[in-house]
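Enquirer: Structure, please.
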Amino acid sequence: MRGIEWQEDKWHEECGVFGIFSHKEDVALNTYWGLYALQHRGQESAGIAASDGKNMHIKKGMGLVAEVFKDGVGGLEGNIAIGHVRYSTTGASMAYNVQPLKVYYDGGNLSLAHNGNLTNAVQIRTELAKDGVVFQTTIDSEVVLSLIARSRNKNLEDRVAEAADKIEGAFAILIMNDHKLIAFRDPYGFRPLCLGKMDNGWVVASETCALDLVGAKYVRDVKPGEMIVIEDEKTEPKSIMYSTKNPKKTAHCVFEYVYFARPDSIMDGESIYEARVNMGRQLARETKNIKADIVISVPDSGTPAAIGYGLEAGIPFMEGLTKNKYIGRTFIQPTQKQRLNAVRLKLNANKALVAGKSVVMVDDSIVRGTTSGKIVQLLKDSGAKEVHVCISSPPVTDPCYYGIDTSVRKELIASTKTVEEIREYIKADSLHYISMEGLRKSLTHLDPDGMCYACFNANYPDDAETAVRQGTKFLFDAEA
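Expert: Residues are numbered from 1 along each chain as shown. The predicted structure is shown next:
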């Protein structure tokens with residue numbers, strides 16, 4: 001029987017990458033732990049590639065990190081390793097698309113791990129195919145390896161810089177050969193990437209929570225449009241500003257701060273947890289007319305904002321919903337009745353807390369509207385007098401082309417319904433989204449003008465929607 005995704009009303013995380021260079025640390029084991037810390041960014045597949053200076057070995061497969069490496073990391077000895085956890089945004093969810101990707105070219109072994117989405121990948125792939133290039137996967141990341149392999153530059157960093165300057169879209173990419181670890185980030189800084197220092201090596205990762213787990217000290221974030229080259233564990237990595245197409249402003253993904261990143265991470269100088277608490281506080285300021293008894297969250301992603309709401313409003317935050325943490329990503333649904341009640345397998349309302357109460361329920365987003373209504377009904381079935389739904393992001397009206405699995409525009413409930421119509425659909429007593437200005441105020445370190453808000457207003461910083469449409473037309477024309 002087909003499984004049903006629990007978080008069907010959430011955007012799926014993109015991917016997570018981790019890399020390490022060290023002659024004294026166990027690079028494979030540290031990469032395993034790093035991927036464990038980044039598991040929230042992708043639960044579909046995982047993989048690790050490692051090199052000892054001569055040979056490069058890889059182990060990867062479908063499933064969670066613990067499932068793929070249930071027999072350990074034996075056979076992955078070396079001094080350089082990169083790892084990847086994935087949720088597919090381009091390319092089918094198949095074993096041949098699992099990263100890291102590994103090839104052999106005229107410069108030797110080469111491996112790649114990519115977080116993000118290349119908006120001009122179709123055009124590049126089609127042109128390369130015309131020149132006789134053979135692809136082994138259906139993911140956009142593979143074109144980067146082909147561009148590197150075809151470059152006429154002599155050293156690897158020059159080849160990588162040339163390839164990086166040809167691709168467009170969102171990317172935080174790790175490249176390694178048998179001697180170097182290279183990390184680079186797109187010129188807009190859509191996707192995160194940070195650098196850490198161990199006593200005996202260097203680490204790069206999607207989030208600082210991965211540095212914390214392996215005992216690495218956070219050094220800094222990789223700059224948008226920057227490439228760092230690590231070939232010695234004792235000296236500072238070499239920094240190369242590779243991009244010739246630097247935009248006037250960055251466009252960090254605001255949804256990293258709303259939902260995707262782990263709350264204990266620091267991203268581009270901004271505390272994820274503090275930003276989410278601030279979003280909750282701002283929501284409370286914008287909904288002073290609500291007279292509620294308690295504030296609850298949809299665990300776990302809505303919890304920091306709910307705490308912030310309670311602090312600002314002077315209303316106690318209570319655990320009105322309990323999450324069953326022992327149910328996996330999918331579960332068997334043998335009957336239609338159970339399918340309709342799927343939310344109860346994952347969440348249960350605390351009747352002693354919510355019965356007879358006016359409840360503020362805080363969540364980070366409503367994407368398709370398929371789950372929110374079930375949670376509201378769950379609370380009312382448990383005796384809640386009123387349920388006021390407060391969302392710590394503005395209405396999601398537009399798809400993302402930068403490495404997040406979003407629906408087509410018509411499937412996003414806020415693109416076809418007004419706020420009042422959504423309220424009626426989920427049967428809440430009231431529904432409130434944080435304002436765009438309120439969201440911007442919630443960021444205390446980052447420049448709010450340097451963020452990407454395209455999922456809320458269709459203002460794609462690099463005109464990605466046009467590029468994707470041109471790519472689709474390009475593909476159809478090529479196949480005609």
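Enquirer: Name the nearest residue to Val27, sequence neighbours excluded.
Expert: Ala81 (3.9 Å; CB to CB, 6 or more residues apart in numbering). C-beta here means a position set from N, CA and C on the backbone, and glycine is covered the same way.
Enquirer: Contacts only, for that neighbour.
Expert: 19-20, 27-28, 30-31, 48-51, 176 (CB atoms under 8 Å, 6 or more residues apart in numbering).
Enquirer: The helix or strand containing it: what's the following helix or strand?
Expert: Counting by DSSP states H and E, the element that carries Ala81 is strand 80-86. Once the chain leaves strand 80-86, the next helix or strand it forms, by DSSP H and E, is strand 101-105.
Enquirer: That next one pairs with which strands?
Expert: strand 108-118 (antiparallel) (DSSP bridges).
Enquirer: Downstream of the strand it pairs with, the next helix or strand is which one?
Expert: Downstream of strand 108-118, the first helix or strand assigned by DSSP H and E is helix 121-130.
Enquirer: doesn't Ala305 fall inside a helix?
Expert: Yes: counting by DSSP: H, G, I helix; E, B strand; the rest coil, Ala305 is found in a helix.
Enquirer: what's it in contact with, if anything?
Expert: For Ala305, the contact set (CB under 8 Å, 6+ apart) comprises 276-277, 279-280, 283, 297, 362, 364, 392.
Enquirer: cool, and Ile422?
Expert: For Ile422, the contacting residues are 366, 369, 395, 413-414, 431, by CB under 8 Å, 6+ apart.
Enquirer: quick one: it is in a strand?
Expert: No: counting by three-state DSSP, Ile422 is not part of a strand but helix.
Enquirer: thinking again about what came up before, most neighbours among the contacts of Ala305, which one?
Expert: Tallying neighbours with other CB atoms under 10 Å puts Ser392 at the head of the contacts of Ala305, with 32 neighbours.
Enquirer: pLDDT value on it, please?
Expert: With respect to pLDDT, Ser392 scores 98.
Enquirer: where are the low-confidence patches of the stretch 351-480 of the chain?
Expert: Within the stretch 351-480 of the chain, the segments meeting pLDDT under 70 span 405-407, 467-480.
Enquirer: where do the strands sit along it?
Expert: Ranges of strands in the stretch 351-480 of the chain, per DSSP state E, counting those that start in this stretch, are 358-363, 386-391, 430-433, 451-452.
Enquirer: With only the CA atoms kept, save the third one in PDB.
Expert: C-alpha atoms of strand 430-433 as PDB (Å, rounded to 0.1, in the frame of the first residue of the first chain):
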ATOM      1  CA  SER A 430      -9.500  33.600  12.600                       C
ATOM      2  CA  LEU A 431      -6.400  33.500  10.400                       C
ATOM      3  CA  HIS A 432      -3.600  35.900  10.500                       C
ATOM      4  CA  TYR A 433      -0.300  36.000   8.500                       C
END
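Enquirer: buried sites along stretch 225-243?
Expert: Residues of stretch 225-243 classed as buried by neighbour count (16 or more other CB atoms under 10 Å): 225-231, 233, 237, 240, 242-243.
Enquirer: which two of the residues you listed lie the greatest distance from each other?
Expert: Put simply, by CB to CB the two of those set farthest apart are Glu233 and Ser243, 26.9 Å from each other.
Enquirer: First-to-last residue distance for stretch 151-161?
Expert: Stretch 151-161 has an end-to-end distance of 10 Å (CA to CA, to the nearest Å).
Enquirer: neighbouring contacts of that stretch?
Expert: Applying CB under 8 Å, 6+ apart, the contact partners of stretch 151-161 are 107, 148, 162-163, 175, 177, 180, 182, 184, 227, 229, 238, 240, 242.
Enquirer: now with 7 Å?
Expert: Outside of stretch 151-161, the residues within contact range by CB atoms under 7 Å, 6 or more residues apart in numbering are 107, 148, 162-163, 175, 177, 180, 182, 184, 227, 229, 240, 242.
Enquirer: One more: stretch 364-378?
Expert: With contacts defined as CB under 7 Å, 6+ apart, stretch 364-378 is touched by 8-11, 258-259, 298, 301-302, 305, 343-344, 347, 349, 363, 387, 389, 391-393, 396, 407, 411-413, 422, 425-428.
Enquirer: Would you list the buried entries among the residues you listed?
Expert: Neighbour counting with 16+ other CB under 10 Å marks 9-11, 258-259, 298, 301-302, 305, 343, 347, 349, 363, 387, 389, 391-393, 396, 412-413, 422, 426, 428 as buried within these.
Enquirer: and the closest residue to Lys357 other than its chain neighbours, how many residues sit next to it?
Expert: Excluding the flanking residues, the one nearest Lys357 by CB to CB, 6+ apart is Asp293, at 4.2 Å. Using other CB under 10 Å, Asp293 has 17 other residues around it.
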